[in-house]
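>>> dropping a prediction and its sequence here:
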Amino acid sequence: MTTFSNSFSKFPAILATVAATLAIHSGLAQAQQVLRVSAIPDEAPTELQRKFKPLGSYLEKKLGMKVEFTPVTDYAASVEGLINNKLDMVWFGGFTFVQANVRSGGKIVPLVQREEDTKFRSVFVTTSKDINQLSDLKGKNFTFGSESSTSGHLMPRYYLLAAKINPDTDMKRIAFSGAHDATVAAVAGGKVDAGTLNISVWEKLVEAKKVDPAKVRVFYTTPGYYDYNWSVRADMNPAVRKKLTDAFLALDPSTPEGKEIQGYRSGCAQCGFAEVRINASWPVVFPTQGRRAGVGP
């Protein structure tokens, strides 16, 4: 027979168990109050973190939660991180978004992109006086950026092929620098005759005087194409997703804070964000070029 005193004597143990359980769940709730953000590593990790800082601070104020930027080692890690719930939002290029969307069965969705990303461009650069058009690249040493880069590989390859130049057979040697700034360094240092990178990184390097355009010059600029966007998982809390979208759309480039954030990863501080409307070319052009280059989704 259970007496009142015996039951009461067990109460502290029961209370401790309940308290521990509540503490665990409280910890989980707190852990969920962190937005884990990353970006494709098309520049040095330290540079990406530096550039993200003002945007991270802005989002923390708008969301009321901590925002952490986590650099990744390569493009594939950014895709896998978002798919496997290790990240909550990622700055993708056009191709990496398609990769993530395909690999997740359509569970990765684009949130916002800048106006310039609907007509993005790449530039081809060289130090050689003998290279003035794409056809001059035949028989030369050339570098792309990362193999999975939309603006540093896939779309430049697309336009090379359109000009009837096959990088794999018409050039002496092709390389992959891994990042846009590394491409410029390889060209400037004479490791290759020419290379290609995205136009916004090029313009920022010139503006920061990290490259001398009189020595390393642009000899070809591609037509526009769809590229970068901030992507999230489709199962993100709808309230958080709306706050994120509203925060990006509310950025005002007329303020110092807005101008600095609008220029994130961009040479265009006046280019506002807009909600993404998936372009019909994304599921076709990027995977096709990826398969041709051996890096399909």
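Right, received. Where do you want to start?

>>> in this protein, which spans are helices?
With helices called from DSSP state H, the chain shows them at 4-31, 45-63, 75-83, 94-103, 155-162, 167-170, 180-188, 199-207, 238-249, 256-262, 282-292.

>>> got the buried residues for the fifth one?
Within helix 155-162, the residues that count as buried by 16 or more other C-beta atoms under 10 Å are 155-160. Where you see a C-beta, it was placed from the backbone N, CA and C, and this is true even at glycine.

>>> dump the residues you listed to TSV, plus distance to residue 219 and pLDDT.
Converted to TSV, the buried residues of helix 155-162 look like this (distance: C-beta to C-beta, whole Å; pLDDT from 0 to 100):
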residue	distance to residue 219	pLDDT
155	17	91
156	13	95
157	17	94
158	18	91
159	13	94
160	13	96
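
>>> rank the helices of the chain by mean pLDDT and give me the bottom one.
Of all those, mean pLDDT reaches its minimum on helix 4-31 (a mean of 43).

>>> on that earlier part again, can you redo the buried residues of helix 155-162 as a markdown table with distance to residue 120?
Below are the buried residues of helix 155-162 laid out as a markdown table (distance: C-beta to C-beta, whole Å):
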| residue | distance to residue 120 |
| --- | --- |
| 155 | 8 |
| 156 | 12 |
| 157 | 15 |
| 158 | 13 |
| 159 | 13 |
| 160 | 17 |
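
>>> closest to residue 39 out of these?
residue 155 (18.5 Å; C-beta to C-beta).

>>> count of neighbours near the spatially closest residue to the closest one that is not a sequence neighbour?
Spatial nearest neighbour of residue 155, chain neighbours left out: residue 225 (5.4 Å); criterion: C-beta to C-beta, 6 or more residues apart in numbering. Residue 225: 23 surrounding residues under other C-beta atoms under 10 Å.

>>> next one: residue 89
Neighbour count for residue 89, taken as other C-beta under 10 Å: 22.

>>> and the pLDDT at it?
Residue 89 is given a pLDDT of 97.

>>> and if you look at residue 198?
Predicted confidence (pLDDT) for residue 198: 93.

>>> so who does the closest residue to it other than its chain neighbours touch?
Using C-beta to C-beta, 6+ apart and skipping the chain neighbours, the partner closest in space to residue 198 is residue 151 (3.5 Å). Neighbour list for residue 151: 42, 93, 120-122, 145, 180, 197-199, 227 [criterion: C-beta atoms under 8 Å, 6 or more residues apart in numbering].

>>> change it to 10 Å
Going by C-beta atoms under 10 Å, 6 or more residues apart in numbering, residue 151 touches 42, 93-95, 117, 120-123, 145, 180, 196-201, 222, 225, 227-228.

>>> with residue 87 instead?
Neighbour list for residue 87: 35-39, 68, 70, 72, 77-81, 231-233 [criterion: C-beta under 10 Å, 6+ apart].

>>> please indicate which of these are buried?
35-39, 70, 72, 77-81, 231-233.

>>> for residue 210, state which of those is nearest.
Distances from residue 210 to these, taken by C-beta to C-beta, are shortest for residue 39, at 19.6 Å.

>>> quick one: that closest one from residue 209, how far?
Separation of residue 39 from residue 209 (C-beta to C-beta, to the nearest Å): 24 Å.

>>> what of residue 109?
For residue 109, the distance to residue 209 - C-beta to C-beta - is 39 Å.

>>> sweet, I'm off.
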